[in-house]
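>>> Sharing a model prediction with you, sequence too.
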Amino acid sequence: MASSLVLTTSSHVLTFHPSSCAESGGTVDTPFYILESRTASSSTPPSANPSAPVTAPSSFPVNASSSSVNASSPNAVDLTVHDTISIDEDLMDSDRLLLKLQDKDIGSIPKSDASDLAEFVLAWRSALAALEEQVQVSQQASFEDPLSSDYVTTRLVQEHDSFIDEKTVQIRLVTWNLHGESIGEDLRPLLYGKSVLTDSGDLQDLGIFLVGLQEADPLTPTALSTNHATVSRWSQQILDALGPSSYVAIASAELLGMVLLMFCHRKLASQITNIQIATAGTGVLGYWGNKGSVCLKFTLGENEIAGNPGIEFAVLNMHLSSGMAPQSVERRRWEMSEFEKRLKLPKFNGKLYRKTRNGGKNRKELLFQNGDLLQDLDERVLDAADEDDADALAAATAMLQDAKISESSSSEDAPGTPSTLSGKAMSTASTTATTVATATSETATTAATINSDQVGPEREFNSIVFVLGDLNYRIAMDRSDIEQLVRKGDYDALLFWDQLRNEIKEESLLVGFQEGPIDFPPTYKYDIGTTTFDTSEKMRIPAYTDRIFYTPYPSLAQLDYESFMHYISSDHKPVAATFELRTMLVDVDKRAQIVKRLLRDMDARENESRPKVEVESTEIVCPDLKPLSVLTRTIKFKNHGNTQVAWEIEQMDGSKLEFGEMRGLVSPGAGQSIRFSMKIPTRVSEISEIVVLRIVNRQDYFVTVSGNVLPSCYGSSLQDMIDRPNGARNGFVVSDSGPQVNIPREIWKCVDYLSKRISKDIFRRQGDDVVGQLIRDWLDDGVDFDTQILDSLQNEGNKGFQSVCEQFMLLLELVDGGVIVESAYDIVCKGEDGVSLIFEAMPRVNINTLICIASFLREVKQTVIDFGLILERFDEVLVRIPPKGKNKSKQKKKRMEFFKAFIG
């Protein structure tokens with residue numbers, strides 16, 4: 001598990017953890033992060049890696065907002081990487097901005113501190129990127145069916161040839177710069193294309209769709225993070241177009257306005273594993289996400305059982321810096337070098353960037369040239385400097401022309417300067433450009449001609465890398481010349497002056513990559529709502545900014561490469577390409593049949609060796625239970641199988657059952673009796689317990705123990721005893737106008753029996769359990785003590801007399817509410833002064849009972865020597881101490897004083 005990362009400000013802590021949201025119903029796992037207020041947590045944020053925290057400027061002045069406190073968790077708010085930091089105007093203070101996370105106010109900042117906020121968010125995004133590099137994010141929903149049985153796995157290895165076949169997978173890639181516009185047009189032509197349709201007009205079963213968007217949201221100084229609502233909307237639009245019954249969303253990667261979405265056919269979903277996300281912002285300050293790349297990495301067809309490692313894929317959606325000038329080209333080279341370092345791509349035959357001379361520019365110059373400051377988030381925000389000015393065009397044209405001429409064998413074959421191309425010169429340039437471009441296209445076309453009889457070059461790495469997006473390279477020609485070539489459909493001549501083709505030819509960028517033949521007009525820039533090139537004041541030069549590249553693979557063929565002029569919602573036209581890949585994949589249906597057969601075989605084998613147990617009864621009913629008695633029963637079962645049985649007992653929380661043994665082994669043909677006991681509680685009318693008898697490798701048996709509990713004076717209040725004069729088991733008696741009982745008969749019977757037999761060892765010895773149960777039965781049945789039985793035990797340690805003593809003390813101890821109630825405790829603690837007050841502080845039945853016991857103790861006092869010890873025992877059973885009452889030596893001394901004065 002990766003370490004947590006921490007960002008801090010003077011008032012807040014952001015802690016990033018590797019975790020999953022799929023558990024709560026999502027289809028994509030992402031790291032999550034916790035926002036904590038310093039005012040509600042410690043000043044040092046918790047971190048699994050405290051030695052290397054990522055820290056935002058500690059001076060960042062955020063005023064904490066009480067609305068950021070979560071009711072259920074006052075110190076934290078759960079967020080995901082999709083959540084947006086947004087900024088609103090503070091209606092209460094025009095000089096401040098309100099900050100929100102997950103639509104919750106997290107504070108406010110002065111408008112003058114926007115740059116500090118940007119630095120904080122940059123550190124935040126950097127921490128996310130670092131975390132995502134550490135975490136292998138599993139983004140499968142519920143497609144995997146891991147096999148836990150070694151038997152099934154072993155057999156599948158032996159039979160893998162019967163369910164692993166060579167399949168053809170079609171991969172559709174789309175790139176579109178949306179210019180921050182909402183798209184209401186039908187997406188099916190863009191997604192389907194002509195190659196991904198079968199003859200019947202239906203989509204192929206085995207299809208992967210990768211859609212890269214740039215500027216999916218309008219980029220403004222207050223839009224500091226990806227708007228997840230936009231990502232969700234686009235994901236649903238595409239899924240609706242593909243057909244949600246057949247296709248599923250697999251993964252998404254976002255960085256501000258850059259979005260990369262992945263979908264695939266349901267039959268293919270389980271074949272896509274090891275999904276990872278990486279992002280690299282290269283915009284403002286070299287890290288901001290207004291420019292950069294998002295990357296999805298995954299493996300197709302990996303299968304350990306078949307020994308198939310699968311094919312590693314990396315798909316990069318890029319949005320590079322704009323501009324035609326040489327320094328813009330250098331900036332884009334630097335951006336490619338950053339992607340090479342930061343995105344951790346799989347090994348492949350090629351490079352995104354190959355180091356060349358950069359004209360002496362250092363990193364700082366590259367970062368801040370072209371007005372690349374905080375406020376220049378996008379040319380639409382503050383209308384950045386015109387990228388197509390005459391000086392820039394002249395410099396770029398000269399640089400490209402020099403490169404072309406230096407490679408030409410003779411000066412007369414070199415094309416002229418683009419700004420002077422006309423008439424015969426135009427024709428000559430067009431012819432030459434066509435020749436050069438055709439030579440370039442032949443290489444690009446090679447992969448597209450692979451078929452079942454033709455195998456590509458030997459590969460070093462088992463990987464495929466796709467690069468798509470708005471790469472922002474321009475055509476170094478006059479606009480009028482470009483428009484003329486477009487009207488003629490001479491796209492090869494245009495591509496001769498394409499900056500990116502020149503970079504590739506020099507092997508500065510995309511080394512080892514290929515691009516399909518381009519037979520469509522430039523994709524930028526158009527008037528929105530039309531197919532007309534830019535007619536605004538800037539009259540931007542048309543360019544092939546939107547491209548798709550790939551690394552060759554022996555069984556990969558490009559089927560088409562197309563743009564769609566009829567989409568007019570953006571100033572860019574979308575570009576799409578379809579690829580066909582032959583690879584070894586699991587036939588899910590065949591494997592399911594094999595697994596089903598193996599499971600049947602395994603079930604039959606296991607049935608022969610499984611324990612066969614018969615439990616005598618799973619319902620143990622115990623009628624007429626007596627409080628304070630001990631219930632003893634057994635759970636019995638027999639092993640009818642051919643193997644030894646292991647068993648164990650599992651009890652529910654709060655169970656009062658006690659077992660002699662909790663686990664054991666039973667031989668074939670033998671039986672087992674599991675003994676348990678339970679002391680029946682007072683003040684209950686029934687008991688109900690559940691015990692789990694667990695047989696290893698066999699089903700669990702749930703055994704219930706239940707029964708009704710008879711009424712008892714033990715645990716009853718003094719008033720209830722008065723109201724049941726014939727014993728607790730004979731019920732209540734309705735009071736009439738006759739004489740009333742002054743004290744409970746159960747207490748009077750005990751006092752009467754003991755007072756006639758007081759001896760020096762009274763209350764000093766234990767009674768007998770069997771005799772004790774007899775005494776409780778007599779009291780609860782409302783019958784007199786059988787003195788003949790009790791007195792006959794005099795020669796056996798005087799067990800009868802001692803048992804009555806013991807049951808009398810237990811009866812007093814269990815009186816519901818106590819003889820001396822809680823409300824009278826303070827009076828008792830007054831000592832001798834409380835005697836006169838106690839008579840008005842308790843019910844009459846309590847006073848009468850206390851007087852009866854005091855009279856009895858007065859007689860005991862005259863016989864025994866250690867009366868003080870006896871008095872302490874009665875203090876413990878008679879007095880109810882309140883929950884907050886004190887029971888210290890001073891209060892105890894006062895209680896002893898009270899009892900001595902009351903007894904006299």
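Perfect, I can see it now. Bear in mind the structure is a predicted one, so any value in this text is a computation, not a measurement. Numbering: from 1, shown residues only.

>>> can you pull the contacts of the spatially closest residue to residue 521 that is not a sequence neighbour?
Distances taken as Cβ to Cβ, 6 or more residues apart in numbering put residue 486 closest to residue 521, at 5.0 Å, once the chain neighbours are dropped. Using the backbone N, CA and C atoms, a C-beta is placed for each residue, glycine as well. Counting by Cβ atoms under 8 Å, 6 or more residues apart in numbering, residue 486 makes contact with 494, 521-522, 542.

>>> If we use 10 Å, what do you get?
Contacts for residue 486 (Cβ atoms under 10 Å, 6 or more residues apart in numbering) come out as 493-494, 520-522, 533, 542.

>>> repeat for residue 208
169-173, 247, 250, 262-265, 268, 271-272, 298, 300, 313, 315, 579, 581.

>>> in the stretch 151-300 of the chain, which ranges drop under the pLDDT threshold?
151, 158, 160-161, 194-206, 219-226, 285-287 (pLDDT under 70).

>>> same thing but 90
Low-confidence segments of the stretch 151-300 of the chain (pLDDT under 90): 151-167, 180-185, 192-207, 217-231, 243-246, 255-257, 266-268, 270, 281-291.

>>> tell me which element the residue nearest to residue 521 is part of?
helix 479-488 (DSSP states H and E).

>>> That helix: which residues count as buried?
For helix 479-488, a neighbour-count test (16 or more other Cβ atoms under 10 Å) marks 479, 481-486 as buried.

>>> Kindly reformat the residues you listed as CSV and extend each row with distance to residue 257 and pLDDT.
As requested, the buried residues of helix 479-488 are exported to CSV (distance: Cβ to Cβ, whole Å; pLDDT from 0 to 100):
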residue, distance to residue 257, pLDDT
479, 27, 94
481, 32, 95
482, 27, 95
483, 29, 95
484, 34, 95
485, 31, 96
486, 28, 96
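
>>> for the nearest residue to residue 751 once chain neighbours are set aside, phi and psi?
In this structure, residue 751 finds its nearest non-sequential neighbour in residue 856, 4.7 Å apart by Cβ to Cβ, 6+ apart. Main-chain torsions, residue 856, degrees, to the nearest 10: phi -60, psi -40.

>>> and residue 592, how far is that from residue 604?
Here residue 592 is placed at a distance of 19 Å from residue 604 (Cβ to Cβ, to the nearest Å).

>>> neighbour count winner among those two?
Neighbour totals were compared for residue 592 and residue 604, and residue 592 leads with 13 against 9 (other Cβ atoms under 10 Å).

>>> Check which element follows the strand or helix carrying residue 276 along the chain.
Using DSSP H and E, residue 276 falls within strand 272-281. Next in sequence after strand 272-281, counting helices and strands by DSSP H and E, comes strand 292-300.

>>> Listing partners with orientation, what would you give for that next one?
Paired neighbours of strand 292-300 in the sheet (DSSP bridges): strand 272-281 (antiparallel), strand 311-319 (antiparallel).

>>> In the stretch 101-250 of the chain, what residue spans correspond to strands?
104-110, 164-177, 207-214, 247-255 (DSSP state E, counting those that start in this stretch).

>>> Among the ones you listed, pick out the one with the most neighbours on average.
Ranked by mean neighbour count, the strands of the stretch 101-250 of the chain are led by strand 207-214 with a mean of 26 (mean count of other Cβ atoms under 10 Å).

>>> What sits closest to residue 527 if chain neighbours are left out?
residue 535 (5.6 Å).

>>> what about the one you found, is that helix, strand or coil?
coil (DSSP: H, G, I helix; E, B strand; the rest coil).
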